[in-house]
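Trainee: Sharing a model that was predicted from the sequence below.
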Amino acid sequence: MAISQERKGTIAVSLTNFLDSGCIVASSCAMTIWAAAFGFDKVADPQQLWVAILGAIGANAFGAAVGALIGGFLTDRFGRKLIYTYNLLVYAAGVFLCMIALNLPMLVIGIILSGLSVGAGVPASWSYISEMSSSTKRASNIGISQFAWSCGPAIIFALSLIVSFIVPAFNANGALFPAGTYGPFDGVLGMRIIYAILFIVALIAWNLQRQLQESKDWAAKQKEAEKNKSKVGFGRMMLDALKNPINLKTILFLVAVYLTWNIVAGTQGQFLPYMYQAVGGLNETQTSLLNMVTWILTAIGSLAIFAALGDRVPHRILFFVTAAMAVAAWGVMIFFGMQMEAGNANQWGWLLWVFSGLWGISAGFSAQCFYALWSTELFPTRYRGGVQGIMFFLVRGVLGLWSLFVVAGLGVGTPNGFITASWIMTGILIVSLVVGVVGCPKTQGKTLDEITKERYGKLDV
């Protein structure tokens with residue numbers, strides 16, 4: 001059966017999501033390698049300091065936050081296609097620098113460039129997918145994009161395992177170690193191979209995306225604005241958007257839903273591999289296997305639950321189920337932390353797999369999926385990308401501050417700190433559950449124009 005243009009566009013745009021998450025996980029996996037290669041391990045508390053700094057300036061926090069502001073402006077002012085013509089070239093330059101990095105400055109520039117690109121692509125990709133989708137396939141297409149996002153970490157973790165057992169590693173003095181000595185991603189050469197793969201995929205995705213047609217919805221609104229001579233500058237447009245009480249309430253709701261979940265997910269994605277090793281006693285191979293299984297389950301959840309059911313099952317029910325599973329997952333981690341403190345961690349190690357199963361499946365149709373959908377539905381076309389950029393900036397900016405100052409202070413390298421962190425994660429997820437269920441909008445099955453008219457009246461404000 002032939003694939004529709006709607007699906008083809010969704011798949012092409014979704015490659016950006018794969019590259020985004022792949023970049024985040026690759027940097028997380030490579031952190032130990034970079035520390036040894038560039039001297040991070042000679043700095044006091046490297047895990048607390050340099051991991052936090054590099055994690056905060058890249059695709060998982062500040063880099064993406066600033067990129068989203070830029071991308072939101074560009075995609076509303078000049079169209080969705082502009083992003084797909086140039087953005088992945090910036091990403092490719094960033095991962096290329098990470099691939100060939102010989103020192104810290106090269107690495108920092110590469111991480112910042114890739115982070116900016118990741119953020120810039122978010123408003124455009126979610127807006128484009130939503131605008132090109134029919135009212136009965138909008139959640140499905142967003143689910144496909146989230147499936148691609150989930151495949152990034154799963155594939156990177158799998159590749160890191162493969163590379164670790166076929167590529168030799170070298171110590172700081174240049175001595176050769178046998179392949180697989182230290183487990184996944186144990187050498188600079190292996191890290192360069194992973195980043196080379198991201199670089200090649202970025203160029204392939206760029207070639208596909210630059211051939212996409214402009215969003216018909218955006219083009220129609222621009223044509224209407226020019227015809228009615230109602231076209232205004234982006235700054236004025238965003239000021240009007242932020243002065244609108246409907247928009248302000250919606251922004252507060254969406255930021256609350258997404259920020260709470262993202263703090264937990266961001267903390268887990270950047271620091272849980274370290275927690276597993278430092279606190280759970282797992283080696284790098286076991287950690288990668290655990291994370292790979294988690295992300296495979298997330299990908300399955302995105303495709304089999306959100307993409308398959310998101311246009312049919314009431315959103316309030318789906319949101320409650322995923323949020324409750326996430327709370328239960330971190331409840332398991334609280335109990336595991338208690339067993340570690342009591343010295344019984346070995347016999348309760350299977351709880352890590354229970355956590356991975358609950359969190360993995362729930363993440364597949366999580367608050368991020370609903371945020372991606374609702375943030376495109378609840379705002380008019382002409383400033384849809386800009387408002388998304390502002391919200392993403394707020395969320396990732398807070399996550400960056402959290403990564404720099406809060407996580408390091410939790411003391412996750414000790415059982416007591418691990419328990420404290422798990423309690424905090426659970427509390428935050430409960431807030432996300434309550435806000436999402438109570439504020440869940442009724443947009444299912446409606447066109448974007450119908451939603452806009454219902455919320456704002458006849459005029460596209």
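Mentor: Right, received. Where do you want to start? Numbering: from 1, shown residues only.
Trainee: going forward, measure contacts between C-alpha atoms and count neighbours the same way
Mentor: Fine.
Trainee: ok, the closest residue to residue 355 other than its chain neighbours - contacts?
Mentor: Sequence neighbours aside, residue 329 is the residue nearest to residue 355 in space, at 4.9 Å (criterion: Cα to Cα, 6 or more residues apart in numbering). Going by Cα atoms under 8 Å, 6 or more residues apart in numbering, residue 329 touches 354, 355, 356, 358, 359.
Trainee: Let's see which of the residues you listed end up in helices.
Mentor: Judged by DSSP state H, helices contain the following of the contacts of residue 329: 354, 355, 356, 358, 359.
Trainee: Tally up the residues packed near the last one, please.
Mentor: If I follow you right, that is residue 359. Residues near residue 359, counting by other Cα atoms under 10 Å, number 25.
Trainee: didn't it look like it was pressed against residue 326?
Mentor: Yes: in this structure, residue 359 is within contact of residue 326 by Cα atoms under 8 Å, at 5.4 Å.
Trainee: could you flag which of the ones in helices among the contacts of residue 329 are buried?
Mentor: 355, 356, 358, 359 (16 or more other Cα atoms under 10 Å).
Trainee: residues in contact with the second one?
Mentor: It refers to residue 356. Neighbour list for residue 356: 290, 291, 293, 294, 329 [criterion: Cα under 8 Å, 6+ apart].
Trainee: again with the first one
Mentor: With contact set as Cα under 8 Å, 6+ apart, residue 355 has these partners: 329, 330, 332, 333.
Trainee: In a markdown table, list the residues you listed along with pLDDT.
Mentor: Formatted as a markdown table, these follow (pLDDT from 0 to 100):
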| residue | pLDDT |
| --- | --- |
| 329 | 94 |
| 330 | 92 |
| 332 | 91 |
| 333 | 86 |
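Trainee: mind listing what residue 72 touches?
Mentor: Contacts of residue 72 by Cα under 8 Å, 6+ apart are 120, 123, 124, 385, 386, 387, 388, 389, 390.
Trainee: got a markdown table for these, with pLDDT, secondary structure and distance to residue 258 too?
Mentor: Formatted as a markdown table, these follow (pLDDT from 0 to 100; DSSP: H, G, I helix; E, B strand; the rest coil; distance: Cα to Cα, whole Å):
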| residue | pLDDT | secondary structure | distance to residue 258 |
| --- | --- | --- | --- |
| 120 | 92 | helix | 18 |
| 123 | 90 | helix | 14 |
| 124 | 90 | helix | 18 |
| 385 | 92 | helix | 16 |
| 386 | 92 | helix | 17 |
| 387 | 94 | helix | 14 |
| 388 | 94 | helix | 12 |
| 389 | 92 | helix | 13 |
| 390 | 93 | helix | 13 |
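Trainee: quick check, nearest of these to residue 455?
Mentor: Comparing those against residue 455 with Cα to Cα picks out residue 387 as the nearest, at 15.9 Å.
Trainee: Distance of that closest one relative to residue 242?
Mentor: From residue 387 across to residue 242, the span is 8 Å (Cα to Cα, to the nearest Å).
Trainee: what about the two, which has more around it?
Mentor: Neighbours per residue, other Cα under 10 Å: of residue 387 and residue 242, the larger number sits with residue 387, 26 against 15.
Trainee: Distance check, that one against residue 217.
Mentor: Residue 387 is 17 Å from residue 217, by Cα to Cα.
Trainee: again with residue 22
Mentor: Distance from residue 22 to residue 217, by Cα to Cα: 30 Å.
Trainee: the more surrounded of these two?
Mentor: residue 22 (26 against 17).
Trainee: And for the closest residue to that one other than its chain neighbours, the neighbour number?
Mentor: Residue nearest to residue 22 in three dimensions, not counting chain neighbours: residue 152, with 4.3 Å by Cα to Cα, 6+ apart. Around residue 152 there are 27 other residues, counting by other Cα under 10 Å.
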